[in-house]
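Student: Any chance you can model this:
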Amino acid sequence: MNNIRFLEHKEIDLQKWDELINSSFNTLPYALSWYLDAVAENWGALVLNDFEAAMPLVWLRKMGVKCLYQPYYCQQLGVFSLKPLKTEVHRFFLKTASGHFPYININLNPTAVEVAEEFGLTKRKNLLLPLNSNYPAIQKKYSVSHCRNIAKANKAGLLFSEQSDMKPFQAFYLDNVNRTKENFKPKHEKIFKNVTKALISNSRANIFTTYNNTGNLVAAVLIIFHGKRLIGIINTSSAAGKRTGASHFLFDQIIRKFSNSDFILDFEGSSIATIARFYEGFGASEEAFYHYKSSILNGLRQRFS
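Tutor: Here you go, the predicted model:
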């Protein structure tokens, strides 16, 4: 018999929680307890039996109403389990979540395909590049435009490096993030600092950088190492970097470094066409995840229509 319990944060056995997330067949770092602590205003969970499966519930209050939301730097959550779940169990997770939260606006991991039609989920795009081929084989799938940009970067004498000092990366990102275009507010800066600090302190991420021939940092990416995934969680470049193809060069160097391995480079999306084209230009292919938006008002309309 399946017993799904709703637990407040203080009621969760965090050791069992992280063991489940790390051992899940569909594991992702966003659901680890310390990661959620860094990005979420509040979070609880639905737990199946003795941590056979779980669904993080990240929430806040709006006008006195508890709402599930998707936090910054957390592409997708949803149900995580030791083995694939039956459709009815996945369905029960979402129905139970809806019973506790009158408003939901979240992203669910790819296993939600089982209930996508029933719950009216919207497909969203993630982009992945397997690195199990040699570098020349992977490079052959680059777009013509990407090859030109990488050649331009090499001609400009750009240099690739790996760093462990978080402060220069944080400063570079905050100097170059487009705060207006990305609606980047002071609260987001706080979350950015929290999550980057948590990733480094838990030894789960590395910083890869590009410098120009005068020693100035022009592009950088923070890569999460989780299982077989290399996740490009945060990346940016300066105006000078954009002119010299620094981001193209940076990802090309990462691909070269980890080629012929079991790793998969996870570009983290995107549904934004221009960003998706950039990642697709390296030969990445789509993996679908799902957006779930629900309101008690929608349920009432359906019930009385």
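Student: before we move on, what SS does F93 have?
Tutor: helix (DSSP: H, G, I helix; E, B strand; the rest coil).
Student: you'd agree it is up against I4?
Tutor: Yes. In this structure F93 lies within contact range of I4 using C-beta atoms under 8 Å: 6.5 Å. Heads up, the C-betas are built off the backbone N, CA and C, glycines and all.
Student: who's more crowded, the two?
Tutor: Legend: neighbour count by other C-beta atoms under 10 Å for F93 and I4, higher for F93 (24 against 17).
Student: State the pLDDT value of that one.
Tutor: In this model, F93 is scored at 96, pLDDT.
Student: swap in the one 4 residues further on?
Tutor: pLDDT recorded at A97 is 95.
Student: Which residues are in contact with it?
Tutor: L46, M55, L57, L68, I104 (C-beta atoms under 8 Å, 6 or more residues apart in numbering).
Student: Using neighbour counts, pick out the buried residues of the helix or strand harbouring it.
Tutor: Here A97, judged by DSSP states H and E, is contained in helix 87-100. Neighbour-count burial for helix 87-100 flags V89, H90, F92, F93, L94, T96, A97, S98 (criterion: 16 or more other C-beta atoms under 10 Å).
Student: I'd like the distance from that helix to the chain centre, please.
Tutor: Computed by C-alpha atoms, centre = their mean, to the nearest Å, the chain-centroid distance of helix 87-100 equals 23 Å.
Student: again with stretch 208-219
Tutor: 25 Å.
Student: who touches it?
Tutor: Contacts to stretch 208-219, defined as C-beta under 8 Å, 6+ apart, come from residues 153, 156-163, 168-169, 172, 220-221, 223, 235-238, 240-241, 244, 246-247, 249-250, 253-254.
Student: Please indicate which of these are buried?
Tutor: By neighbour count, with 16+ other C-beta under 10 Å, the contacts of stretch 208-219 hold 153, 156, 158, 160, 169, 172, 220-221, 223, 235-238, 241, 244, 246-247, 249-250, 253-254 as buried.
Student: Of the residues you listed, which belong to strands?
Tutor: Among the buried ones among the contacts of stretch 208-219, the members falling in strands (DSSP state E) are F160, A220, V221, I223, N235, T236, S237.
Student: re the thing from before, what do F93 and I4 both touch?
Tutor: With C-beta under 8 Å, 6+ apart as the test, F93 and I4 both reach L46, L48.
Student: ok, back up a step: would you convert the contacts of A97 into a markdown table that also reports secondary structure?
Tutor: Compiled in a markdown table, the contacts of A97 are given as follows (three-state DSSP):
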| residue | secondary structure |
| --- | --- |
| L46 | strand |
| M55 | strand |
| L57 | strand |
| L68 | strand |
| I104 | strand |
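Student: out of these, who's nearest F282?
Tutor: Among these, M55 lies closest to F282 (C-beta to C-beta), at 32.3 Å.
Student: pLDDT value on that closest one, please?
Tutor: So M55 comes in at 98 (pLDDT).
Student: which residue is nearest the middle of the chain?
Tutor: The C-alpha lying nearest the average C-alpha coordinate of the chain belongs to Q75 (C-alpha atoms, centre = their mean; 3.6 Å).
Student: residues near the residue nearest to it when sequence neighbours are not counted, how many?
Tutor: With sequence-adjacent residues excluded and distances taken as C-beta to C-beta, 6 or more residues apart in numbering, Q75 is closest to E268, at 5.5 Å. The tally of other residues near E268 (other C-beta under 10 Å) stands at 18.
Student: Many thanks, I have nothing further to ask.
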